[in-house]
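Participant: Could you work out the structure for the sequence below:
(chains A, B, C, D and E)
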Amino acid sequence: VPAAEPDTPNVEVIEFEGLRWINIERPRAIDRAWLEEHYDFHPLDYEDVFSRNQRPKVDEYDGYLFVVLHFPVFDKRVNRLNAAEVDIFVGPDFLITLPNEPLQPLEYLYERCRTNEDTREDLFSKGAGYLLYKVVDACVDASFPMLRKMGLKLERLEESIFDEEANREIVRDLSNAKQEIINFRKIVRPQRTALKDLERTKRYVTGGMHIYFDDINDASERVWDMLENFKEVIEGLEATNESVLSHNLNDILRVLTAFSVIMLPLTLIASVWGMNVHVPGEGTVHAFWAILGLMVVVLIGMVTWFRRRGWL
Amino acid sequence: VPAAEPDTPNVEVIEFEGLRWINIERPRAIDRAWLEEHYDFHPLDYEDVFSRNQRPKVDEYDGYLFVVLHFPVFDKRVNRLNAAEVDIFVGPDFLITLPNEPLQPLEYLYERCRTNEDTREDLFSKGAGYLLYKVVDACVDASFPMLRKMGLKLERLEESIFDEEANREIVRDLSNAKQEIINFRKIVRPQRTALKDLERTKRYVTGGMHIYFDDINDASERVWDMLENFKEVIEGLEATNESVLSHNLNDILRVLTAFSVIMLPLTLIASVWGMNVHVPGEGTVHAFWAILGLMVVVLIGMVTWFRRRGWL
Amino acid sequence: VPAAEPDTPNVEVIEFEGLRWINIERPRAIDRAWLEEHYDFHPLDYEDVFSRNQRPKVDEYDGYLFVVLHFPVFDKRVNRLNAAEVDIFVGPDFLITLPNEPLQPLEYLYERCRTNEDTREDLFSKGAGYLLYKVVDACVDASFPMLRKMGLKLERLEESIFDEEANREIVRDLSNAKQEIINFRKIVRPQRTALKDLERTKRYVTGGMHIYFDDINDASERVWDMLENFKEVIEGLEATNESVLSHNLNDILRVLTAFSVIMLPLTLIASVWGMNVHVPGEGTVHAFWAILGLMVVVLIGMVTWFRRRGWL
Amino acid sequence: VPAAEPDTPNVEVIEFEGLRWINIERPRAIDRAWLEEHYDFHPLDYEDVFSRNQRPKVDEYDGYLFVVLHFPVFDKRVNRLNAAEVDIFVGPDFLITLPNEPLQPLEYLYERCRTNEDTREDLFSKGAGYLLYKVVDACVDASFPMLRKMGLKLERLEESIFDEEANREIVRDLSNAKQEIINFRKIVRPQRTALKDLERTKRYVTGGMHIYFDDINDASERVWDMLENFKEVIEGLEATNESVLSHNLNDILRVLTAFSVIMLPLTLIASVWGMNVHVPGEGTVHAFWAILGLMVVVLIGMVTWFRRRGWL
Amino acid sequence: VPAAEPDTPNVEVIEFEGLRWINIERPRAIDRAWLEEHYDFHPLDYEDVFSRNQRPKVDEYDGYLFVVLHFPVFDKRVNRLNAAEVDIFVGPDFLITLPNEPLQPLEYLYERCRTNEDTREDLFSKGAGYLLYKVVDACVDASFPMLRKMGLKLERLEESIFDEEANREIVRDLSNAKQEIINFRKIVRPQRTALKDLERTKRYVTGGMHIYFDDINDASERVWDMLENFKEVIEGLEATNESVLSHNLNDILRVLTAFSVIMLPLTLIASVWGMNVHVPGEGTVHAFWAILGLMVVVLIGMVTWFRRRGWL
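Facilitator: Sure thing, here's the model as predicted:
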């Protein structure tokens, strides 16, 4: 049974040299009230924060920026990639992050800022723009270990396709890997435009700092490149697996055909001499060996003939 | 038998602070006459309203905007998605909506405006542009529950593909789901351009209101993103289903081959000793057990050999 | 035997209020001479008119426009869509249409102008630009009935795929439908650019008339949208048909396997007791029933075992 | 044994009214020396001429244009399409063509200019730009007969797919046709950009002559359209062929299943009465007919049952 | 056991007429210290040099350019294409190349500059821009021999697909070739944008030198064209191989069916006369020949019938 919702807002604040970073994880109605009391944002933004699944975007207002970003999070309970949404408000002297579920890289960074004075100084002293860069950069970079794992999984799949022990599991594994790549792409695709918008919007960004946002863009494009490549790879593997299955089928059927082709005529010969009519050589032992000899001749003849036609 | 067409125009009007919302469901010739009498629109527009299947578009005129939009409607009778067309005229002091078939979200909104004074004030007090936004927004948002249902259906399909009980129905279900996605895309695709045109056309839109139309665009792009994703997912599922079918085929044929390979030679041996010639050990019971022994040896030999080749 | 080519130019003219519409069906050398005598067009244009298969295009010259358009025409003799080419010259006071084969909508419009004074006034009184619009609009609109027929055919195909009576014809029908769609696309694709050029080229177009050419563009894009949709639909149907065929294959093979698995061991048992050695229970009627009993036991055992493994 | 390389440059020149057309087929080191002596081109250009497989391109310099174009040439010895490269230098008073292998349309045009005074006057009197147009136009137009042959081949393939006599050759023919189309596309694809650059570069082009280069572009786009269409057609045919093969497989297996289902049980019955135990009706002729009757009943029963399930 | 990292920076320098080329292969922490001491680059650049797998890019700064490029390198140990990264700093009087693994063409060029005075003069005398061009050009050109090998491999694969001896290896070879092409594309794709950026950035490039970077771009686009073509070719080959496998399957099954159809009924006849009841003609030799005759008639009848239906 979930505990009753606490009646105090879940607002964490770090302040340093006049710049405030407010983090509200899984914001609820009471947090919204707190926000509306302290900041004067557009009503549509509040709605966006508290509604499900906004599209990644950057909205510019006179006094602040409203940014919505999605990041892939692996949900271990259902073995599935989900999109975690982070809503961000940035003003000249504040950064408000509202993750709709716990997002590790963001938590870590916040924790380090809270506990470690050096980190705090490093991040806060260059203004809200730089702090925003650090937050987004940490979240984007968290995709790379996931991608590396995916890459290893694809390599393992490639090897197991050609294993003799190819079993039904490989089809399911290929399907799962593909759906995972599709899911990842679904999360990253709309993100790219938002990050480009963020680069264009050079507000709260001083001096040579636009290079930093260019850096995020590079990372995001790299993520996309890798996903495009993974998609090509997995599609190639699926096609190959189909070919391998067809090939196995052909091999199996060739054996079956070989056996039928060899056994059926010999059985026919034996059945013919088993008829209750007066068969040639009835009751003589010479006939037995003669018929066995005939069988061997038929056998060799057919094997030779089919060998020549390439069936055996 | 359909009732005779009534001879009075089916025109509903809500008026508030000088702004009028006129709704004419399934407009007929008599409604056209009424419109032509009261408003001076371009003849091409009238034609568009009363002809079938216009493309979604936004046409700007000096005194008004003419908007054609399509929305997906699930027709339960034939289990199919259809496009419902809504033609809209907007002027400085009026909004005329002409749905060519009943469109639930539009009906609901209209009904609420008619009966609830608060809603009416909320919607009408910010001008024709805001009212237009509310109407279009309601219609676009109605797609999300449909999409969520589709998503669930795809997840169910993914699970049932790997069921042992895979039956012929899964092929039909995959096909139906795919055709539904294709149909949905067909409706939404041309819509996107029209909604972008609508955002660009900032007429009858006061102050900071352009943000609202940006919001609709976001929603519409999100619909499109989801459909793109669904298309990728269903194509992946189809490919996987093909692989599963191939795999099953291989398994079935392996069993068949195993049986033939084991049974045919044994039957041949039995038939040979059934010939009406003087077979070795004729009439002795030792021969019976000797031959059974031979059969067991052949059996074990072949199973071993085929095991080693990976056939069994 | 085709009649000898008449030696008079096949030129039809309608004149009204100083505007002339000249229609020359299947222009020949003699018609070219007539044109060169009366109008001073660029030599390349004459070449284009009399050479095969130009690309749709709009060429602007000082005193006139040269337009090449293609429209799909169903050739009943070979059951195939062909592209009919119409070359058009438009000047301030003339419209010359040169279809390279009879094009029904153009013929009808011309005929109505010739015979009906009202139509003539309606079409000619707004200048050459409006007349051009009417001609092109009629030709573009003629695609919709064809597309509707295609759509119905696709729906019929979808139903017949899941028919138990699926026969070889369905593969051929799917292929034909696909080739038809591919052919239609081939005709329409280059056309779209030309029609957009025509809209941009606002010559001989007075006042608010540019809206009309926008209308043609809408229609042409709608045709393209429908073809894109049809292409997706038919590709989906082909994939589905492949799955259905695989499924049928699996079902057939499962029956075959079931039969072999049940029959072969029983036949082996019977053959063993048919050997001319001293079989247990030789000559007794109890043995007969005992063996039949054994067979039933083996039968039940195997069916049970295979049921459990999911083969039967 | 190839003859020793002659030691005089292989330079052909036509001069008329101050404009020179120099043609050097398969240029060698000695021709390069000749060129370097007479013209002062950029060193990179010389390198390009004498290195293999440049990309089609148009490079502008102060005193001249350097153009590289590729054209498809059917090499009969290996039954393959190759790209023939033509390097062209154009200046105000010269045109130098350097085909790296004999290119028929270029040879023909050059020959006609050399021998026929009228052609020479026609081509040379309008300046270097017009001459360039004529050369390129002749080379581009040479693709159409090839494309027409390809089109006919595709039509023949379409028909033969549904032939009962479908043999292994059709797979190979489809593959060859596809590889040919892919090859053709590879040659034409980069060419398109170069020809568009050529149109944009209006140098050495006087008066209304830019229309001519527009004409080449039209032709080149038409070639591309046809190849796109051929690609769609051949992919459609391949998919259809796969379906036909699957269908044939189903038909074959249905026959096999039918036979096994009918024959195996009857053989079992016969084998049972062939056992050397006391079978019911042993030695009586009534039993023979009774068993045959039983077989017919079983046969009819099974055929009926399988008919109802749709297997036969 | 790897040797302990030497504690002197691994910096090689060539200097000529005031221009320095510094090459640091596999830069380590100590090299970074050396660089930071001697040059004042942006901290992000240092991070990029020492982190894995940057995206190819060109970053402009006031005093220098920072370029990251990737080139394919065939790793013989694992039979796989890897991307070698080269980071480059260019200033008015220096070029610093930092390959993260040995890159042959770069090594060769550096070695030639070091040992051969002529080469050094040729490369260094035209400024840093020209030296950069030469370095990049050498690395890009190194792709062509690899591509040519790939092309030959594809041709060999095409031939072996239609070999009668088609074995399981072909599926694996097709898959490997495809994965190799996919890998190559992955390396080259992001490179293209970077090289275009490099062309646009005309810094340190004097006079007519921009033509040289255009040349690199041409080469890089050619690489891409060839890879696109290879991708089409290999996809075509995979589809063809699938068809060939299906065809073989059909042929095998036709033989199997033929045999069953011929043998099973004959065996049934023989079994019927083998029953221990009073069969017609029991004990007579005429019956034997009569039954054999019956068998031949049945055989011929069935073969004829199936021939007519196209099964044999």
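Participant: interface residues of chain A facing chain C?
Facilitator: Within chain A, the residues that sit near chain C (Cβ under 8 Å from any Cβ of the partner chain) are A:Gly274. C-betas here are computed from N, CA, C, even on glycine.
Participant: swap the cut-off to 10 Å and go again
Facilitator: Listed as neighbours of chain C in chain A under the rule Cβ under 10 Å from any Cβ of the partner chain: A:Thr267, A:Ala270, A:Ser271, A:Gly274, A:Gly283.
Participant: is the one helix or strand A:Leu253 maps to up against chain D anywhere?
Facilitator: Assigned by DSSP states H and E, A:Leu253 belongs to helix A:210-273. Yes. If you take Cβ under 10 Å from any Cβ as the test, helix A:210-273 does meet chain D, through A:Thr267, A:Ser271.
Participant: Quick check: mean pLDDT of that helix?
Facilitator: Per-residue pLDDT over helix A:210-273 has a mean of 85.
Participant: still on that earlier bit, for the residues of chain A next to chain C, which one is nearest D:Ile30?
Facilitator: If you rank those by distance to D:Ile30 using Cβ to Cβ, A:Thr267 comes first, at 79.7 Å.
Participant: Now for the closest one, how many residues are close by?
Facilitator: When neighbours are defined as other Cβ atoms under 10 Å in any protein chain shown, A:Thr267 has 28 of them.
Participant: I figured it hits B:Leu264, correct?
Facilitator: Yes. Counting by Cβ atoms under 10 Å, A:Thr267 does reach B:Leu264; the two are 7.2 Å apart.
Participant: Now do the shared contacts for those two.
Facilitator: The contact sets of A:Thr267 and B:Leu264 overlap at C:Thr267 (Cβ atoms under 10 Å, 6 or more residues apart in numbering or on different chains).
Participant: any low-confidence regions in chain A?
Facilitator: Where chain A drops to pLDDT under 70, the residues are A:1-6, A:52-53, A:164-168, A:202-210, A:310-312.
Participant: Can you pull the domain assignment for it?
Facilitator: Annotated domains of chain A cover A:12-246, A:251-308 [automatic domain parsing].
Participant: And the ones you listed: which comes nearest C:Arg32?
Facilitator: C:Arg32 lies closest to domain A:12-246 among the domains of chain A, at 53.9 Å (Cβ to Cβ).
Participant: Please say whether there is contact between the closest one and chain E.
Facilitator: Yes. For domain A:12-246, a contact with chain E is found by Cβ under 10 Å from any Cβ, at A:144, A:148, A:154-155, A:158, A:161-162, A:208, A:211-212, A:214-215, A:217-222, A:224-226, A:228-233, A:235-237, A:239-246.
Participant: okay, how far is it across that domain, tip to tip?
Facilitator: 60 Å (Cα to Cα, to the nearest Å).
Participant: Is there a neighbour count for A:Phe305? I'd like the number.
Facilitator: One correction, residue A:305 is Trp, not Phe. 12.
Participant: you'd agree it is in a helix?
Facilitator: Yes. Going by DSSP: H, G, I helix; E, B strand; the rest coil, the assignment for A:Trp305 places it inside a helix.
Participant: Chain E versus that one, what's the distance?
Facilitator: Distance, A:Trp305 to chain E, by Cβ to the nearest Cβ, to the nearest Å: 11 Å.
Participant: Go ahead and confirm that residue touches A:Ile262.
Facilitator: No. With contact defined as Cβ under 10 Å, A:Trp305 does not count as touching A:Ile262 (11.4 Å).
Participant: list the buried ones in stretch A:237-246?
Facilitator: Residues of stretch A:237-246 classed as buried by neighbour count (16 or more other Cβ atoms under 10 Å in any protein chain shown): A:Leu237, A:Glu238, A:Ala239, A:Thr240, A:Asn241, A:Glu242, A:Ser243, A:Val244, A:Leu245, A:Ser246.
Participant: Could you do stretch A:76-84 as well?
Facilitator: A:Leu81, A:Ala83, A:Ala84.
Participant: Kindly report the same for stretch A:106-120.
Facilitator: Buried, per 16+ other Cβ under 10 Å, within stretch A:106-120: A:Leu106, A:Leu109, A:Tyr110, A:Cys113, A:Arg120.
Participant: The residue lying closest to A:Asn100 once chain neighbours are set aside: what secondary structure?
Facilitator: Nearest residue to A:Asn100, sequence neighbours excluded (Cβ to Cβ, 6 or more residues apart in numbering or on different chains): A:Glu85, at 4.5 Å. Using three-state DSSP, the structure places A:Glu85 in strand.
Participant: Could you count how many residues lie near A:Glu85?
Facilitator: If you count neighbours by other Cβ under 10 Å, A:Glu85 ends up with 21.
Participant: Repeat that for A:Glu180.
Facilitator: Counted by other Cβ under 10 Å, the residues lying close to A:Glu180 total 20.
Participant: which helices and strands does the helix or strand hosting A:Leu174 pack with?
Facilitator: Take DSSP H and E as the rule and A:Leu174 turns out to sit in helix A:168-200. Using 3 or more Cβ pairs under 10 Å, 6 or more residues apart in numbering or on different chains; DSSP states H and E, the elements in contact with helix A:168-200 are strand A:57-60, strand A:65-75, strand A:80-91, helix A:128-141, helix A:143-161, helix A:210-273, helix B:143-161, helix B:210-273.
Participant: between the ones you listed, which gets nearest to E:Thr257?
Facilitator: Per Cβ to Cβ, nearest to E:Thr257 of those: helix A:210-273, 9.4 Å.
Participant: Run the angle between the closest one and helix A:143-161 for me.
Facilitator: Relative orientation of helix A:210-273 versus helix A:143-161 (axes from the mean of the first three to the mean of the last three Cα atoms, to 10 degrees): 20 degrees.
Participant: any residue of helix A:210-273 up close to chain B?
Facilitator: Yes. For helix A:210-273, a contact with chain B is found by Cβ under 10 Å from any Cβ, at A:231, A:234-235, A:238-239, A:241-242, A:244-246, A:248-249, A:251-260, A:262-273.
Participant: Burial check on A:Tyr133, number of neighbours?
Facilitator: By other Cβ under 10 Å, 22 other residues sit near A:Tyr133.
Participant: Let me know the distance separating it from chain C.
Facilitator: Distance of A:Tyr133 to chain C, given as Cβ to the nearest Cβ: 42 Å.
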